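*Asks:* Let's see this in three dimensions:
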Amino acid sequence: MLADKRYERIVEITDAQGFVKTRELADLLGVSETTIRRDVEELDTRRRLIRVHGGAKSLEKGNLTTSQDEKLMRERVTVHAREKEAIARRAVEMVRDGDCVFLDGGTTILPMLDILKDRKITIVTHSALIVEAFREGTARLFVLPGDFDTYYSMFTGPVTGQILSRFHFDFCFISCLGINPREGAVLASETLIPAVKRGAMERATRRILMADSSKMNVRAFYTMADLSEPWQICRSLTW
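*Replies:* From the prediction side, this is the model:
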């Protein structure tokens, strides 16, 4: 593909998604990440998009929340910590011995592990933060393999999805970037990790959406799920 055509495709993809990673662009266009980085730098110079760490952000959707607007996952653990702990305490009351549960990698879900690790259950996750926090316990922990995303501290990609497709869950605990009640949307800031979440949701008897008050009325470029889906929402009492 000629450079000018590649530039147009990069802008088109970036405008459609709001933010796109260098790796994702390289895979979509069949070129190296080095080439994409040069292209993005040139397009930033031409003011066709915004070059950010790890990828490109759309000029057209600059008001939307993207993964580059979020804190690094490890930094978010202490944000709204009391709310997250209260939500987690309510959520773990649903789980019974013998259950198989999927724990998403969101920091709203992480506090659940302090209680669940000592229950006679099976925990499946793609989160490195959960693995690190699971020092010892009665629960059985299964970690999904795949491509490791250092920004989100989670495993993603086709291998993750393939292994995930073999499981069946009693509960699936899912976090999100935000909720927009007016649009009826559960939102995310990128596309790879939500694909894992959706895979888990489709294999669960009960889906539990975990959200603190900061998640309300957020705008983002990607709708991960609809609020009209069969959710049970475990939320902060302040919204």
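*Asks:* For S165, which non-adjacent residue is spatially closest?
*Replies:* Excluding its sequence neighbours, the residue lying closest to S165 (C-beta to C-beta, 6 or more residues apart in numbering) is G199, at 6.6 Å. C-betas here are computed from N, CA, C, even on glycine.
*Asks:* Retrieve the pLDDT associated with the nearest residue to H80 once chain neighbours are set aside.
*Replies:* Leaving aside its chain neighbours, H80 sits nearest to D212 (4.7 Å; criterion: C-beta to C-beta, 6+ apart). Reported pLDDT at D212 in the predicted model: 83.
*Asks:* ok, D212 - how many residues close by?
*Replies:* If you count neighbours by other C-beta atoms under 10 Å, D212 ends up with 21.
*Asks:* ok, it - contacts?
*Replies:* Residues counted as contacts of D212 (C-beta atoms under 8 Å, 6 or more residues apart in numbering) are 80, 83-84, 87, 108, 235-236.
*Asks:* Among those residues, which one lies nearest to D149?
*Replies:* T108 (18.0 Å; C-beta to C-beta).
*Asks:* Which neighbouring elements make contact with the helix or strand of the chain with the lowest mean pLDDT?
*Replies:* Least confident helix or strand of the chain, by mean pLDDT, DSSP states H and E, is strand 50-52 with a mean of 80. Contact partners of strand 50-52 among helices and strands, from 3 or more C-beta pairs under 8 Å, 6 or more residues apart in numbering; DSSP states H and E: helix 33-45, strand 55-57.
*Asks:* Pick the most buried one from those.
*Replies:* strand 55-57 (a mean of 26; mean count of other C-beta atoms under 10 Å).
*Asks:* average model confidence for it?
*Replies:* Strand 55-57 comes out at a mean pLDDT of 83.
*Asks:* got the contact list for whichever helix or strand comes after it?
*Replies:* With elements assigned by DSSP states H and E, the helix or strand that comes after strand 55-57 is helix 81-92. Contacts of helix 81-92 with the rest of the structure, by C-beta under 8 Å, 6+ apart, involve 107-112, 114-116, 173, 208, 210-213, 234-238.
*Asks:* Wait, a helix at L209?
*Replies:* No - assigned with DSSP: H, G, I helix; E, B strand; the rest coil, L209 falls outside any helix and is strand.
*Asks:* Cross-check the contact I'm expecting between it and Q232.
*Replies:* Yes - between L209 and Q232 there is a contact under C-beta atoms under 8 Å: 7.3 Å.
*Asks:* Count the residues that sit near the residue lying closest to Q17 once chain neighbours are set aside.
*Replies:* Among residues not flanking Q17 along the chain, F221 sits closest, at 5.8 Å (C-beta to C-beta, 6+ apart). Applying other C-beta under 10 Å, we find 21 residues neighbouring F221.
*Asks:* What's the separation between the residue nearest to H80 and C234?
*Replies:* To C234, D212 is 10 Å away according to C-beta to C-beta, to the nearest Å.
*Asks:* Centre of the chain to the longest helix along the chain, how far?
*Replies:* If you go by DSSP state H, the chain has its longest helix at helix 3-17. Its chain's average C-alpha position is 24 Å from that of helix 3-17, according to C-alpha atoms, centre = their mean, to the nearest Å.
*Asks:* Just the angle for it relative to helix 33-45, thanks.
*Replies:* Calculated by axes from the mean of the first three to the mean of the last three C-alpha atoms, to 10 degrees, helix 3-17 forms an angle of 80 degrees with helix 33-45.
*Asks:* Not counting the helix or strand following helix 3-17 itself, show me its contacts.
*Replies:* The helix or strand immediately downstream of helix 3-17 is strand 19-21, counting by DSSP H and E. For strand 19-21, contacts defined as C-beta under 8 Å, 6+ apart pick out 13-14, 52, 54-58, 66-68, 189-190, 192, 221.
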